[in-house]
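Asks: could you work out the structure for the sequence below:
(chains A, B, C and D)
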Protein chains: 2
Amino acid sequence: MRDDLYQLDEAATDAVFQALASRERRRLLDLIRGNPGCIVADLLSAFEMSRIGVLKHLRVLEEADLVVSEKAGRERRLYVNTLPLRAIHRRWSDEFDDFWAGKLLDLKDKIETGS
Amino acid sequence: MRDDLYQLDEAATDAVFQALASRERRRLLDLIRGNPGCIVADLLSAFEMSRIGVLKHLRVLEEADLVVSEKAGRERRLYVNTLPLRAIHRRWSDEFDDFWAGKLLDLKDKIETGS
DNA sequence: CAAATATGTAACCTAATGGTTACCTATGAG
DNA sequence: CTCATAGGTAACCATTAGGTTACATATTTG
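Replies: Model (predicted):
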């Protein structure tokens, strides 16, 4: 799919941010990104929690479309899908252009220091 | 504060993504961004929910440091703080450089179409 | 086939979220 | 001063999230 044709609706955006709002899930995402094609069992050793806990986090990532998988025999191969992240990145780059460009004052600093 | 000195720890990152994981809060953020210095009462008409509901969402945004406020008499002036968003944007730009640059295949598409 | 492996589902518990109503405090205007 | 306005706190309720244990299924391997 062409990069710029991929768009997130509000519900999908909720799901992506929700999925990213957990350390464990971000770590999971990093692990899969670093080991594309890894299977669920490969991930378990990196976590304290039970296998089912990891599976649940994985499902949240999959429902946010941040991770996709492919069944291979009794195993499941995992991959990061970058499109949702890129869609958000792209949208922010558009919407917050003024901010990224640093054209606006740092209001917080201004307020807190009273300057 | 200099832009690149602002860094989010894991807890702060949790808070930012959590805050963004709600349509209402993203809308709130947009409204404040479009009306810097607006007061709480200004926002109410844009929402169906009660004032307290809005206040609670506002607090989530403030705890994520995405919104800052300044008391002015009995009013409270609201501003968006862009630093957390910029910090995330910057980190992603570093970490996902290969992806942003489109150097990697779209694995999802590959998997789903079986090509 | 039998047993080990990889994964998935169900049911349950606790804590956090998202919302409410009712009440309280501080400030500005007449 | 009186009262309307802007905002905040407390207590509550329903739903969701994050985790668990126990059990079930499918696939390899010996």
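
Asks: for residue A:69, give me the backbone phi and psi.
Replies: phi -140, psi 160 (degrees, to the nearest 10).

Asks: whoops, residue A:62 was the one
Replies: Note on residue A:62: backbone dihedrals following degrees, to the nearest 10 are phi -70, psi -40.

Asks: need the contact list for it.
Replies: Contact analysis of residue A:62 by Cβ atoms under 8 Å, 6 or more residues apart in numbering or on different chains lists A:68-69. Heads up, the C-betas are built off the backbone N, CA and C, glycines and all.

Asks: any idea how far chain B is from it?
Replies: Separation of residue A:62 from chain B (Cβ to the nearest Cβ, to the nearest Å) stands at 11 Å.

Asks: over to residue A:43?
Replies: 17 Å.

Asks: wait, that residue touches residue A:31, no?
Replies: Yes - here residue A:43 reaches residue A:31: they are 5.8 Å apart, a contact under Cβ atoms under 8 Å.

Asks: neighbour count: the two, which is higher?
Replies: residue A:43 (20 against 16; other Cβ atoms under 10 Å in any protein chain shown).

Asks: secondary structure class for the more buried one?
Replies: helix (DSSP: H, G, I helix; E, B strand; the rest coil).

Asks: show the average pLDDT along the helix or strand that contains residue A:86.
Replies: Using DSSP states H and E, residue A:86 sits within helix A:83-95. Rounded to a whole number, the mean pLDDT of helix A:83-95 is 84.
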